[in-house]
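Asker: show me how the following folds:
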Amino acid sequence: MQGQEVTILGAGVAGLALARALALKGAAVTVLEQADAIREVGAGLQISPNGAAVLRALGLGAALEAASLRARAVELRDGLTGDVVLRMDIARLRPGQGYHFLHRADLIALLAEGARAAGVQLRLLQKVETVDLTGARPRIVTAQGAAMTPALLIGADGLHSQVRSALNGRVAPFFTRQVAWRALIPEVPGAPDVAEVHMGPGRHLVSYPLRGGTLRNIVAVEERDRWVEESWSLRDDPMDMRLAFEGFGPRVRGWLDQVQDVWLWGLFRHPVATTWQKALPEGAAAILGDAAHPTLPFLAQGASMGLEDAWTLAEALAAGGAGALPGWQALRQPRCSRIVAAANGNARAYHLSGPLRAVAHLGLRLGGALAPGLPLSRFDWLYGHDVTARS
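Answerer: Numbering: from 1, shown residues only. Sure, this is the predicted structure:
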């Protein structure tokens, strides 16, 4: 990759991680970002061990530890009563693996700093209007009318990726009949480093502390027929969220009573892209992260999948150039498809009602009591997978 020019669209998690990975291998990397600053809207996210392994391999392990809280446990709770249904003691059962809570903006900041330190050029206010992959080289045109023809174009441009559309055409997403609110509230420092999932009929709420325990992240999901825009910037009335969860226990209601600002977005199911890459006579293009495999948030894997993609794509390009892209897609596509499917399944499990809900909760309680490590071991294929160990 020494001296190889690479243009990446999008300064999100996957784009910035890939930029640093390639720059560390000697590539001349430019990241085009449509915003006027490198920042990230949103609230909290989780980085599981498979994602943390990539950050450590990129030399950003210390920055991750400084910016995050390590999770001690995950608790599944009956949302109506607040009672614990299943507790998975991550710190005790998986002491060698780190599950991290951090603010999305803090992750973007440490990745951006890491990219710049590696020599990446970050260009702001570069909104790309069109991507053309029919010529000898990829061709992009910005909103200002500037045309560029990079030899290697990487689309890390998220859900509404222009590069994905150029590779696959446009595919309408499927509204899941679920919406999600997200909010941050103040937290008393020293709150337990535990992720809580409060499950109820047709809805659930996930919460965990951030920034040294000074903030609490809340994501609340409700099933509904009314369509809602797929956007991170749509504000809503906090009272709507409170009313949706008024039947939940006092712990949840107490959190929601503190919410001042809340955002709402519709949850849409996007198919995993069929084509992730294309070779051209004088260049190539590829996509990664949400551009290739958008996922519902019910397994907390969006950021970690993007990190895995970034590491493996950089390794493939360093080993075989653009000719390695088909093999890279063949490596990543099955795993990402499995993760997306597992996230879809979690959504259904959290929202059970009636007798089925009671039976499922009883099964979780008994399983947790008889074999505490079993629930976590079901996801060893996910959390125990270290893409950096393949190198």
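Asker: stretch 263-270: how far from the chain's middle?
Answerer: 14 Å (C-alpha atoms, centre = their mean, to the nearest Å).
Asker: with just CA atoms, put it into PDB.
Answerer: Taking C-alpha atoms only, stretch 263-270 is exported to PDB below (Å, rounded to 0.1, in the frame of the first residue of the first chain):
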ATOM      1  CA  TRP A 263     -34.900  11.800  19.400                       C
ATOM      2  CA  LEU A 264     -37.000   9.400  17.500                       C
ATOM      3  CA  TRP A 265     -36.200   7.300  14.500                       C
ATOM      4  CA  GLY A 266     -37.900   4.500  12.600                       C
ATOM      5  CA  LEU A 267     -36.300   1.100  12.400                       C
ATOM      6  CA  PHE A 268     -35.900  -0.200   8.900                       C
ATOM      7  CA  ARG A 269     -34.600  -3.600   7.800                       C
ATOM      8  CA  HIS A 270     -32.100  -3.300   4.900                       C
END
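Asker: and that stretch, average pLDDT?
Answerer: Average pLDDT, stretch 263-270: 88.
Asker: now the closest residue to Leu288 other than its chain neighbours: which helix or strand?
Answerer: In this structure, Leu288 finds its nearest non-sequential neighbour in Asp309, 3.9 Å apart by C-beta to C-beta, 6 or more residues apart in numbering. The way it works is simple: take the backbone N, C-alpha and C, and place the C-beta from them, glycine included. Using DSSP states H and E, Asp309 maps to helix 302-320.
Asker: so what secondary structure elements neighbour the helix or strand harbouring Ala343?
Answerer: Here Ala343 is covered by helix 325-350, with elements defined by DSSP H and E. On a contact count with 3 or more C-beta pairs under 8 Å, 6 or more residues apart in numbering; DSSP states H and E, helix 325-350 meets strand 277-280, strand 283-287, helix 302-320, helix 380-383.
Asker: follow-up on the earlier one: pull out the buried positions in the helix holding Asp309.
Answerer: Residues of helix 302-320 classed as buried by neighbour count (16 or more other C-beta atoms under 10 Å): 302-318.
Asker: what does stretch 81-94 give?
Answerer: Val85, Leu86, Arg87, Met88, Asp89, Ile90, Arg94.
Asker: distance from stretch 204-211 to the middle of the chain?
Answerer: With C-alpha atoms, centre = their mean, you get 15 Å for stretch 204-211.
Asker: stretch 77-88 - what's its average pLDDT?
Answerer: For stretch 77-88, mean pLDDT is 92.
Asker: repeat that for stretch 180-192.
Answerer: 87.
Asker: picking up where we left off before, now the helices and strands packed on helix 325-350 in a markdown table, with distance to Ala53 and mean pLDDT?
Answerer: As requested, those are exported to a markdown table (distance: least, C-beta to C-beta, whole Å; pLDDT from 0 to 100):
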| stretch | distance to Ala53 | mean pLDDT |
| --- | --- | --- |
| strand 277-280 | 24 | 97 |
| strand 283-287 | 22 | 97 |
| helix 302-320 | 8 | 97 |
| helix 380-383 | 10 | 91 |
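Asker: counting contacts, what elements does the helix or strand where Ala112 lies pack onto?
Answerer: Assessed by DSSP H and E, Ala112 sits inside helix 104-117. Where contact means 3+ C-beta pairs under 8 Å, 6+ apart, helix 104-117 is packed against helix 13-24, strand 44-47, helix 61-67, strand 121-123.
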